[in-house]
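[1] 3D, please:
(one chain, ligands or ions: 2)
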Amino acid sequence: MRLLATLLLLLLLRSAEPRRGPRSGAAERGAGGRVRGRGRAGVMRRQTQECKEYMEAGEKYLDCQDRQLTNVMQDWPKDIHHLLLARNKIQVLRDNMFSQFTQLKSLDLQQNDISMVENRAFSGLSQLTTLLLQHNGLKTAGEEVLLPLRRLTYLRLYDNPWSCRCSLDSLVRTLQVPSNRNLGNYGKCAEPLSLRGQKLRKLSVESLCEGNNQVDTSPGGGVGGGQIPPPIKVKPEATSTCHTYMFPKPLLDCSNKDLNNIPSDLPADLVKMDLSRNTIKHLRPKQFLLSKDLKLLNLSSNSLHRIDTAAFAGLLYLRELDLSNNSLHYFQYGVLEDLYFLRKLSLENNPWICDYNIHYLIYWLKHHPGVFYTGLICSEPREFRGWRVEEYVKTYNGECPKDRQIGGVDTGQGGPGGTDNEAVGETVEGQDEPQHLKENKPKKFEIIRLR
Ligand SMILES: *[C@@H]1O[C@H](CO)[C@@H](O)[C@H](O)[C@H]1NC(C)=O
Ligand SMILES: *[C@@H]1O[C@H](CO)[C@@H](O)[C@H](O)[C@H]1NC(C)=O
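    Numbering: from 1, shown residues only. Ligands and ions are numbered 1, 2, ... in the order given. Down below sits the predicted model:
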């Protein structure tokens, strides 16, 4: 009975919605309040009525994007970890506006109309690591704003009309502390004219309060003790042109951005990263070390021809790796050992060379039968062109000794010590080793045991 009544009420509220129109927060709060007065089960979902609440990997999300909101509602659940408020109508971030969300880890406020942040707007957010304020109307803010955010590692400020005058001095100094590597990387001055287009992180702080009558260089402001920290050398600063999405999953979309390197300032809590259609040639060690939550990495359609050992270090949870349409010839020994949970590996459209260097890949795949892979076809040498690489390796092992013949094919990849280079066949997990995979262990290889 009660359930029915609740449902009816909900229906009524729903149908009344369009007429109520996208008003202010007050209307929403009223509605939320009324609903809350009803039954207890499911209250959670209804009191946030228009926001969507969900769990992902044990963390609670409240998705309130695109809802014409001007404020945060008091009846939203307090135990959320991620609050998505992109594309609303918020204008001012008031003191303690978010302080009830004590467990908040990320707060997405991009694409609102925020032109002012009060100094204690973020107080209470001691767990917050990610704050997105890009695409707003902010002109100035002090470092006080960031003080409660002890754990902040990722702050986006770009596409705000920053006024690079004395009042911005303390914030700029904070951003320029070298250890704050992902704070405000792409924020730029909009005024004064002389500084327009300059990056906040690269401004000469001295100049901000020069010739400016309101000299208020706060004593604590100069985090570096008045010294300008050395300019941070940021390589391509590519993420300024990439899009970050927090919904449905944190995604960095850097596809087709003319990158020739992995951006040096990758945010830490991404789940998906799309770097496809760029001109990246070389993956160096540990470039993804901080992206430890990454599940999908798309590097397809680059110019990759070299992947260093430890390039994938840290990608413990990576499930899908797309390396298709590159210039890969083989995988260097050990490259794949960091990928404990890989499920899908796309390898098509690479000029795989079927000589002994490719054996590591086959060996690894054999020991990771859960990995579904595609596109492993020999393109060189001519005699094996079009063969599946597994077939080539089988032949190689079956017709052993063949080293001389294979070694004789000059691919420029042979390297020294080619006589003993059988498939690397250490039994890692059981006795069901196929006979043709011989147990010769080349001296120069070190077998890393998987845990
Ligand atoms: C990677 O990107 C390419 C091109 O942008 C796309 O076609 C492909 O489906 C993507 N791969 C995955 C696994 O999402
Ligand atoms: C492969 O990559 C090249 C650029 O490296 C691109 O022009 C082409 O469209 C890509 N092909 C596919 C099938 O994605």
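
[2] Run through the stretch 101-250 of the chain and note the low-pLDDT ranges.
    Applying pLDDT under 70 to the stretch 101-250 of the chain flags residues 211-241, 246-248.

[3] And the residue of it that's closest to ligand 1?
    Lys249 (12.6 Å; Cβ to the nearest ligand atom). Where C-beta positions appear, they are placed from N, C-alpha and C, glycine not excepted.

[4] Skipping its backbone neighbours, what lies nearest that residue in space?
    Excluding its sequence neighbours, the residue lying closest to Lys249 (Cβ to Cβ, 6 or more residues apart in numbering) is Val271, at 4.2 Å.

[5] For that neighbour, give me its contacts.
    Neighbour list for Val271: 249-251, 293-296 [criterion: Cβ atoms under 8 Å, 6 or more residues apart in numbering].

[6] In strands, which of those residues fall?
    251, 296 (DSSP state E).

[7] For the contacts of Val271, point out the one with the lowest pLDDT.
    Ranked by pLDDT, these bottom out at Lys249 (72).

[8] my guess is that one contacts Asp269, does it?
    No. Assessed by Cβ atoms under 8 Å, Lys249 is found out of contact with Asp269, at 10.1 Å.

[9] So which of those two has more stuff around it?
    Asp269 (18 against 15; other Cβ atoms under 10 Å).

[10] Just give me the neighbour total for the residue nearest to Gly314 when sequence neighbours are not counted.
    Spatial nearest neighbour of Gly314, excluding adjacent residues (Cβ to Cβ, 6+ apart): Leu289 at 4.0 Å. Using other Cβ under 10 Å, Leu289 has 15 neighbouring residues.

[11] for the one 4 residues further on, same thing?
    The burial count assigned to Asp293 is 17, neighbours taken as other Cβ under 10 Å.

[12] so what's it up against?
    So, once contact is read as Cβ under 8 Å, 6+ apart, Asp293 ends up touching 250, 268-271, 317.

[13] Looking at those, spot the one nearest ligand 1.
    Val271 (12.5 Å).

[14] what's the spacing between the closest one and Lys292?
    11 Å (Cβ to Cβ, to the nearest Å).

[15] Close to ligand 1: what parts of the stretch 201-350 of the chain are there?
    Contact residues, the stretch 201-350 of the chain versus ligand 1 (Cβ under 6 Å from any ligand atom): 255, 276-277, 298, 300-301, 320, 322.

[16] Would you agree Asn326 is in contact with Ile307?
    No. Asn326 is beyond contact range of Ile307, at 9.4 Å (criterion: Cβ under 8 Å).

[17] how about the residue lying closest to Leu203 once chain neighbours are set aside, secondary structure?
    Using Cβ to Cβ, 6+ apart and skipping the chain neighbours, the partner closest in space to Leu203 is Val172 (5.6 Å). Assigned with DSSP: H, G, I helix; E, B strand; the rest coil, Val172 falls in the helix class.

[18] circling back: tell me the SS of the residue nearest to Gly314?
    coil.

[19] Per-residue pLDDT of it, please?
    84.

[20] Distance check, it against Asn326.
    22 Å.

[21] give me every residue that touches Ile262.
    Counting by Cβ under 8 Å, 6+ apart, Ile262 has contacts 275, 280, 283-284, 287-288.

[22] change it to 7 Å
    280, 283, 287 (Cβ atoms under 7 Å, 6 or more residues apart in numbering).

[23] Relative to Phe312, which of those is nearest.
    Leu283 (7.8 Å; Cβ to Cβ).

[24] who's that closest one bridged to?
    Using DSSP bridges, the beta-bridge partners of Leu283 come out as Ile307.

[25] wait, doesn't it sit right on His305?
    No. Leu283 lies out of contact with His305 (Cβ atoms under 7 Å); the separation is 10.0 Å.

[26] Alongside ligand 1, which residues does the stretch 351-451 of the chain contribute?
    So the stretch 351-451 of the chain never meets ligand 1 (Cβ under 6 Å from any ligand atom).

[27] Can you tell me which residue of the stretch 351-451 of the chain sits closest to ligand 1?
    Thr374 (10.6 Å).

[28] number of nearby residues for that residue?
    Neighbours of Thr374 using other Cβ under 10 Å come to 12.
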